[in-house]
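*Asks:* Build me a structure from this.
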Amino acid sequence: MIQLPETREDYQILYWTWTMTTWTQFLPVFQETTDNEHCDGYANEQWTIWLREPLHFAYKWPTTFETLVRAYEKRRQDYLNKKDV
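*Replies:* Numbering: from 1, shown residues only. Alright, predicted model coming up:
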């Protein structure tokens, strides 16, 4: 069962992950977290689900969703660290 975020910050991270993830960031995570046997058309279909129905995507691919959130948080932290220098 998917657990809903508990804090406003958690919801913001989910929202920003959804809005700031590009196809070039999505595809490697999707391929890494699934069986890699999916054709490009299937990955493209999942990308469309990610864009249109992110909660449906999270339900269908919880591991991929979690990995996308972690990847976004890392990019965000890297950006903030670079900005502070």
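*Asks:* Could you use CA atoms for every contact and neighbour count after this?
*Replies:* Fine.
*Asks:* what about the residue most central in space within the chain, distance to residue 83?
*Replies:* Nearest to the geometric centre of the chain sits residue 68, at 2.9 Å (CA atoms, centre = their mean). Applying CA to CA, to the nearest Å, the value for residue 68 to residue 83 is 22 Å.
*Asks:* now swap in residue 46 and tell me
*Replies:* Distance from residue 46 to residue 83, by CA to CA: 33 Å.
*Asks:* Could you check which of these two is surrounded by more residues?
*Replies:* Taking neighbours as other CA atoms under 10 Å, residue 46 and residue 83 compare with residue 46 leading, 20 against 8.
*Asks:* which SSE is the more buried one in?
*Replies:* Using DSSP states H and E, residue 46 sits within helix 40-52.
*Asks:* Quick one: name whatever helix or strand follows that helix.
*Replies:* Taking DSSP H and E, what comes next after helix 40-52 is helix 54-60.
*Asks:* any idea of the angle the helix or strand following that next one forms with helix 40-52?
*Replies:* Using DSSP H and E, the helix or strand that follows helix 54-60 in sequence is helix 62-84. If you take axes from the mean of the first three to the mean of the last three CA atoms, to 10 degrees, helix 62-84 sits at 70 degrees to helix 40-52.
*Asks:* model confidence over helix 62-84, on average?
*Replies:* The pLDDT scores in helix 62-84 average 87.
*Asks:* Point out the other helices and strands that the helix holding residue 46 packs with.
*Replies:* Contacts defined by 3 or more CA pairs under 8 Å, 6 or more residues apart in numbering; DSSP states H and E place helix 40-52 against helix 23-33, helix 54-60.
*Asks:* among the ones you listed, which is nearest residue 9?
*Replies:* The closest of the helices and strands packed on helix 40-52 to residue 9 is helix 54-60. By CA to CA, the value is 17.2 Å.
*Asks:* got the buried residues for stretch 21-39?
*Replies:* By neighbour count on 16 or more other CA atoms under 10 Å, the buried set for stretch 21-39 is 21, 26-27, 29-31, 33.
*Asks:* Perfect, that will be all.
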